[in-house]
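Undergrad: Sequence below, structure please.
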Amino acid sequence: MLLEDCERSRSPVKVLEPHFPVFSEFRGASYRKRYAILIEKLMRERLYDGACFLLSNADAAESGAYIEPHPELTFVKFVTPLLAHMARITS
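TA: Numbering: from 1, shown residues only. I've put the predicted structure just below:
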């Protein structure tokens, strides 16, 4: 998951609940925090085998610079099991 690192993604998001209650961990959370929570939940519930969460600002388009805001959702932790799986099926 790639999210733009900007003021709007770092600011708390208003909660609306017209159809169902919002989980408490999403209250007062920014999009940045919400994405990390969502991805963690998907991994914990084994709905995803792997994932990473990256932030990059619009000025980094040419350099490709990014940050990894969550220590468990890094690119290395995502790609390492994927590469190991590929090595098993190709050998």
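
Undergrad: give the contact list for the spatially most central residue of the chain.
TA: Closest to where the C-alpha atoms of the chain average out (CA atoms, centre = their mean) is Phe53, at 3.3 Å. The contact partners of Phe53, by CB atoms under 8 Å, 6 or more residues apart in numbering, come to 1, 3, 35-36, 39, 68-70, 73. C-beta coordinates here come from the backbone N, C-alpha and C atoms, glycine included.

Undergrad: Tell me who's in contact with the closest residue to Gly64 other than its chain neighbours.
TA: Nearest-residue entry for Gly64: Ser56, 7.8 Å, with adjacent residues in sequence omitted and distances by CB to CB, 6 or more residues apart in numbering. Contact analysis of Ser56 by CB under 8 Å, 6+ apart lists 2, 4-5, 64-67.

Undergrad: before we move on, back to that, among the contacts of Phe53, which are in strands?
TA: If you go by DSSP state E, the contacts of Phe53 have Leu3 in strands.

Undergrad: between the contacts of Phe53, which is closest to Glu17?
TA: Tyr35 (19.7 Å; CB to CB).

Undergrad: Just confirm that closest one contacts Met1, I think it does.
TA: Yes - here Tyr35 reaches Met1: they are 5.8 Å apart, a contact under CB atoms under 8 Å.

Undergrad: out of these two, which sits in the more crowded spot?
TA: Tyr35 (20 against 12; other CB atoms under 10 Å).

Undergrad: how close does that one get to Leu42?
TA: 11 Å (CB to CB, to the nearest Å).

Undergrad: same question, Ser24
TA: The gap separating Ser24 from Leu42 is 18 Å, by CB to CB.

Undergrad: if you count what's nearby, which of these two comes out ahead?
TA: Taking neighbours as other CB under 10 Å, Ser24 and Leu42 compare with Leu42 leading, 13 against 8.

Undergrad: Give me the neighbour count for the closest residue to that one other than its chain neighbours.
TA: Using CB to CB, 6+ apart and skipping residues adjacent in sequence, the residue nearest Leu42 is Tyr48, 4.4 Å away. Neighbour count of Tyr48, defined by other CB under 10 Å: 13.
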